[in-house]
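Student: Structure, please.
(chains A and B)
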Amino acid sequence: MADFNLNCKGLQCPGPIVQVFKTAKEAQSGDIINVKVTDRGFIKDIQAWCKKTGNELKELNETETEIQVKIQKK
Amino acid sequence: MIGAVAAGTKTAAKIKRENADAEIVVITKDEHISYAGCGLPYFIGGVIEEEKELVVKTPQEFKQITDIDVYTKLEAMSIHSKEKYVLAMDILEGNVKKYSYDKLVLATGATPFIPQIEGADLQGVHTVRTVNDAINIRSLIDKGAVSKAVVVGGGFIGLEVAENLHGKNIEVSIVEFAHHILPSFDEEIALYAQNYMSDQGVNIYTCEKVISIKGEEGRVKKIITDQREIEADLVIMSVGVKPNTKLAEEIGIELGVTNAIKVNNFMETSIEGIYAVGDCAENVNLITGKPAWYPMGSTANKMGRIAGLSMTGDQKNGLKGVLGTTIVKLFKLNAGKTGLSEREAIKQGFEVETVIVPANDKAHYYPGYRQIITKLIADKNTHKILGAQVVGEGVVDKPIDVIATAITFGAKVEDLENLDLAYAPPFSMAMASTILASNALLNKLAGRMNGINSFELKKRLDELLVVDIRDEASYLIRTIPGAIHIPSEELIYRADELKNNEEIVLICKVGKIAYLSYLKLKKLGFQNVRILEGGISSYPYELV
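Tutor: Presented below is the predicted three-dimensional model:
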């Protein structure tokens, strides 16, 4: 299983979710995608995206300035 | 001085500064003076830990600093304006005292309005106006006697109390009679705040009327609305306030159309030598020039200072009017308003143009920036700015204050657009949110852009062809019900799919890409194209 690390800091919505979307297409089942983001809108987006696609949102850490998520592809 | 919270003490202090020989007596029926009324919700929630933090000055401290006597627990009973004295009842001693005056100031404040419904007198039904109100509520919470609370009224105080109760792990429901919380705001902005509060776990019921409150053994148990029953062991009544004008009315002081005491620019009432300041007095709306009533601490203090100056002989600079500028924090969301709402402006007979523009409070590459949404309202004919509302997790007080200042000086949208505002990435976007909003509004006023607001789109969803031009992932996550998907980069060669005769609405995230695509479609000859103003990020209705 592979790990993908995406630095999407500074990218505004929909930048980060588009990156995740593309990476998830390349990834195999069970692969992990780690994403760092500064756009707050990403929180709701990634939750909704995981819900609709069935990929698992394993971690979501939020600070005042940064959001980090870990996703596992279905 | 009758009344000793903000306006009364401010007036007294200002008189003394102008004339050290003035003999001033301040009386209040309350136990506390000069307290931070606006801070009460935060005391309830424990954000402000102790009662003493709320009280700006005690009577003793006030006396020490200003040499002014303040008598608490002393209730003014009657004014005798010919003989110039006031009779007041000492609440503790039970006797009546007489105070003579040359000049009298009414700073009698306002009282929460309590609907005349069954059960309004039950234990556990509270208003939030005085320090003692807050102490009583806080002690109920600290005793562990509150697990469910209902707040009646979704105005500022109600919402702030709701947030603070929620912070105490109390299940909170808000019942609002109007269509949305924050009734003075326009619907699309208010709903944005409402959705946000719902997401935080506050139950919100709008368009509902409270019928009665039911109790057991004298204590509140549940609240009955025209739609449902809600269990509650605490009910907060925050449906509004009314000015305390009884003393004034008894001696024939004229009230204004708002039922508050009518005053001129120098706070003089219709009886010579008697002034009124603060929440009991009427204001003028600076935009309409008509009477209005804004019971706000910010306005009360200004009125106090002006009354003090005016009474000591300085009548150079009176209060010409106010804009009703307000701001509120709801969890991490901030919402501010200045001037007229779109609804108020139309009611006042203005032909308006409005725009909604999402932007950021800081540069998008500077960590910690947040989105803020600006609604700008202008007179379609004169382009004068009539009002604004700004909502978001970011800094909203700055743009609201900028716009309030601009309105005060009679600015047009064209003036706002070219303001030289402070910029560096940690503080603002290079094109500040206010300037972006002005640009978009000018595009509309010049006919360069044809927009539809979320409110109208929602109403006409069935008749319009909504085209979501965002990327595939964004469309998958959520879109407007019934929207078809054509990404912006494919729009030109797929334009045939959009029949020329249909009414088309392009939607993107904030409105910018939709505007660019709109221009392209226009070039291809499409006539009936509009864009969703503010994009999907400020659309407050159902998404799928």
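Student: Need the outlier residue of chain A, farthest from its centre.
Tutor: A:Glu64 (17.9 Å; C-alpha atoms, centre = their mean).
Student: Could you look up the SS state of the residue lying closest to it once chain neighbours are set aside?
Tutor: Computed as C-beta to C-beta, 6 or more residues apart in numbering or on different chains, the closest residue to A:Glu64 that is not its neighbour in sequence is B:Gly368, at 5.5 Å. Using the backbone N, CA and C atoms, a C-beta is placed for each residue, glycine as well. When classified by DSSP: H, G, I helix; E, B strand; the rest coil, B:Gly368 comes out as coil.
Student: What is the neighbour count of B:Gly368?
Tutor: 14 (other C-beta atoms under 10 Å in any protein chain shown).
Student: Next, the contact list for it, please.
Tutor: B:Gly368 makes contact with A:38, A:64-65, B:362, according to C-beta atoms under 8 Å, 6 or more residues apart in numbering or on different chains.
Student: Make a PyMOL selection of the buried ones in the residues you listed.
Tutor: Filtering the contacts of B:Gly368 down to the buried ones (16 or more other C-beta atoms under 10 Å in any protein chain shown) takes a single PyMOL command:
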select buried, (chain A and resi 38) or (chain B and resi 362)
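Student: The contacts of B:Gly368: which two are farthest apart?
Tutor: The distance between the two most remote of the contacts of B:Gly368 (C-beta to C-beta) is 12.2 Å, for A:Glu64 and B:Lys362.
Student: for the strand or helix carrying B:Thr9, which positions count as buried?
Tutor: Element membership for B:Thr9, per DSSP states H and E: helix B:7-18. Within helix B:7-18, the residues that qualify as buried are B:7-16, counting by 16+ other C-beta under 10 Å.
Student: quick one: average pLDDT of the helix or strand just after that helix?
Tutor: Following helix B:7-18 in sequence order, the next helix or strand is strand B:25-27 (DSSP H and E). Mean per-residue pLDDT for strand B:25-27: 95.
Student: Check which helices and strands the helix or strand that comes right after strand B:25-27 sits against.
Tutor: Using DSSP H and E, the helix or strand that follows strand B:25-27 in sequence is helix B:40-44. With contacts defined as 3 or more C-beta pairs under 8 Å, 6 or more residues apart in numbering or on different chains; DSSP states H and E, helix B:40-44 has these neighbours: helix B:51-54, helix B:131-142, helix B:156-166.
Student: highest average neighbour count across those?
Tutor: For these, the largest average neighbour count (mean count of other C-beta atoms under 10 Å in any protein chain shown) is found in helix B:156-166, namely a mean of 24.
Student: Let me see the mean pLDDT of that one.
Tutor: For helix B:156-166, mean pLDDT is 97.
Student: Kindly calculate the angle that that helix makes with helix B:131-142.
Tutor: With axes from the mean of the first three to the mean of the last three C-alpha atoms, to 10 degrees defining the directions, helix B:156-166 sits at 30 degrees from helix B:131-142.
Student: gap between helix B:156-166 and the chain center?
Tutor: Taking C-alpha atoms, centre = their mean, to the nearest Å, one finds helix B:156-166 lying 13 Å from the centre of the chain it belongs to.
Student: elements contacting that helix?
Tutor: Counting contacts by 3+ C-beta pairs under 8 Å, 6+ apart, helix B:156-166 packs against helix B:40-44, strand B:148-152, strand B:171-175, helix B:187-199, strand B:234-237, strand B:326-330.
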